[in-house]
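Enquirer: Need a 3D model of the following:
(chains A and B)
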Amino acid sequence: MELFGIFFAAFLINNILLIRFIALCSFFGVSTKLDTSVGMSSAVIFVMTISSAVSWIIYHFILAPFHLEFLRTATFILVIAGLVQLEELYLKKIIPHLYRAMGIYLPLITTNCAILAVAFLAIDYRYSFLQAMVYSLGVSFGYSLAIVLFAYIRERMALAPIPKWFQGYPIAFITAALMSLAFLGFTGMFGL
Amino acid sequence: MNFWKDFNQGLIKENPVLRLMIGLCPVLAVSNNATNALAMSVAVAFVLIGSNFVVALIRKIVPDEIRIPIFIIIISTFVTISDYVMQAYFQDLHHALGVFVPLIVVNCIILGRAEAFAYKNPVLNSVLDGVGMSIGFALALGSIGMIRELLGAGSVFGFQIFNPAVAATIMILPPGAFITIGFLMAALNKWENKVQ
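Expert: Sure, this is the predicted structure:
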């Protein structure tokens, strides 16, 4: 039940894109088409789970015992960048089908702040390993839900009559505001 | 004249937030009041100017193939410094900004300027570019923070302007950030069109 709470809070109530405002560059950048947003979210689900597991282990078994906590920013970003490269090589060799589906989104993920933020937050919240895993799954599913819905709306918006000064990014922000308002409605659900 | 150009272009023409659409996360997340917005701008300015300075200083000895990891290490050093200084002297601010202080390291503005400008230009120009970009960032962040605080809580920098009971609380909640930046961008589009 506690794990369900963590998952649900990360998935909807504290949705990483619309409520926590993390990884917005990718939210606006890759949401112009439905299939690019699906590619990005599958890459995020894949990388976030692995990188938060690795960074949790590194923090609790290397940095904390040696009192090197001040190195965590530098360590995590390098670990994630290295990990993404490794995953790319591995996927290309073992599961080429999945690699083609994720395509260019894998290297882009290094600069996706959601990955780094989840690694930090899982430590700030003092989660155990299992809780951290459930948390990162919840966050990455929440990311996918928000970005796919947003891409769907933006595809439809291409045909809508929009005032001249609002075309492009301004109307996208206002759409995001309305979606964020809807997600705000989940606050307090299940007493979370 | 050349120095002025390096300083100037970050302000409006290439404003990182409203024009280039980079570094959005902290802008939306910490702009619920003007004080937080200002603190975030100072932290970003420190990291940006510092990393631009160091990158420009060592640009001739950095091998081309591994420049990105080196930039990231330089940036994360400055981020760690600002994180710990803030934790030591400004506890409340550190608590309010939370995870967004360490996240400055993945802020695209900083790596972007290191790669696009500081790596190719002398030290003084790079520092000026950092100052200009920081002011541009602070302008965008500060104006969003002020608008949101004024409409959402009826105050600016904590000074009460009108009765908070009639303020629109939605503006300091997450949706307010998206609405404010959307309208600000539309206004900038209109203004720029008029100037041209």
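
Enquirer: From what I see, residue B:153 and residue B:168 are in contact.
Expert: No - Residue B:153 sits out of contact with residue B:168 when judged by Cβ atoms under 8 Å, with a separation of 9.5 Å. For the C-beta atoms, the positions are set from N, CA and C on the backbone; glycine is no exception.

Enquirer: out of these two, which sits in the more crowded spot?
Expert: Set side by side, residue B:153 and residue B:168 show more neighbours around residue B:153, with 20 against 13, by other Cβ atoms under 10 Å in any protein chain shown.

Enquirer: mind listing what that one touches?
Expert: Contact analysis of residue B:153 by Cβ atoms under 8 Å, 6 or more residues apart in numbering or on different chains lists B:33, B:164, B:167, B:169, B:172.

Enquirer: ok, 10 Å please
Expert: If a contact means Cβ atoms under 10 Å, 6 or more residues apart in numbering or on different chains, then residue B:153 has B:32-33, B:160-162, B:164, B:167-169, B:171-172 as its contacts.

Enquirer: Same check on residue A:172?
Expert: Residue A:172 is in contact with A:27-28, A:31-32, A:150, A:153-154, A:157, A:166, B:21, B:178, B:182, B:185, counting by Cβ under 10 Å, 6+ apart.

Enquirer: Out of the contacts of residue B:153, list just those in strands.
Expert: When those are checked against strands using DSSP state E, the ones located there are residue B:160.

Enquirer: Looking at the contacts of residue B:153, which is nearest residue A:189?
Expert: Lowest distance from residue A:189 to the contacts of residue B:153 (Cβ to Cβ) belongs to residue B:169, with 19.7 Å.

Enquirer: Redo the contacts of residue A:172 as TSV? Include secondary structure and distance to residue A:173.
Expert: Conversion of the contacts of residue A:172 to TSV gives the following (DSSP: H, G, I helix; E, B strand; the rest coil; distance: Cβ to Cβ, whole Å):
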residue	secondary structure	distance to residue A:173
A:27	helix	10
A:28	helix	8
A:31	coil	12
A:32	coil	14
A:150	helix	11
A:153	helix	12
A:154	helix	11
A:157	helix	12
A:166	helix	9
B:21	coil	10
B:178	helix	5
B:182	helix	3
B:185	helix	7
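
Enquirer: Extract the residue ranges of the chain that are flagged as low pLDDT.
Expert: All of this refers to chain A. Counting by pLDDT under 70, the low-confidence segments of chain A come to A:102-104, A:110-111, A:190-192.

Enquirer: not quite, I wanted chain B
Expert: Along chain B, segments meeting pLDDT under 70 span B:1-2, B:10, B:12.

Enquirer: quick one: the helices in chain A?
Expert: Taking DSSP state H, the helices of chain A run over residues A:2-8, A:24-29, A:34-58, A:72-94, A:96-102, A:105-108, A:113-124, A:129-157, A:169-184.
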